[in-house]
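Asker: sequence below, structure please.
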Amino acid sequence: MTLDLALDDGHDLDLSHNGDCWLVDGAGRIGQQIRVTLRALLGEWFLDTTFGVPYFEAVLVKNPNRAALEAIFRARIADVPGVRTVRRIDFRIDRERRSLEVDFAADTDHGLVARREFLRA
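Answerer: Below is the predicted model of the structure:
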C-alpha cells in the first residue's frame, strides 16, 4: 500500500481535518498523483528532470498538434504508479482564457479514475 499526503484544490496540504495533515491512498492517491504530474513543468523537479509535461516545448505553442498532445498526456498519465491504461482523453483549448482542460479516464490498480483538470498559463 502506497500513501501520499493529501492536497487540497489549491495544491497545498489539506488541513481540513482539525488542522492536521492526513494521508490518501488507493484511487484517491492515484488521482492526486496524476494531478501533480499534469501540473508539473518538464524539468521542474531537480531530482528528476524527466518528470512533468513539456508545456513550453509542445503544449504552449502557437498551433499545438492535437495528436502529439494526446500522446504526451497519455504517456504522462500512464507513467503514474498504479495506472494500468488510459481509457480516454479529451482536450478543450481556450485560447482567450489561455487554459487547457484535460478530461481523462484511466484504469488503475484501485479501479477507474476519471477526472477533468483545468490547467492555466
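Asker: so Phe46 sits in a strand?
Answerer: No. Counting by DSSP: H, G, I helix; E, B strand; the rest coil, Phe46 is located in no strand; its state is coil.
Asker: where's it relative to Gly52, distance?
Answerer: The spacing between Phe46 and Gly52, counted by Cβ to Cβ, to the nearest Å, is 12 Å. Bear in mind the C-beta positions are built from the backbone N, C-alpha and C, glycine included.
Asker: with Arg92 instead?
Answerer: Distance from Arg92 to Gly52, by Cβ to Cβ: 21 Å.
Asker: rewinding a little: out of Phe46 and Gly52, which sits in the busier spot?
Answerer: Gly52 (18 against 7; other Cβ atoms under 10 Å).
Asker: in this structure the more buried one contacts Thr37, no?
Answerer: Yes. With contact defined as Cβ atoms under 8 Å, Gly52 and Thr37 form a contacting pair (7.0 Å).
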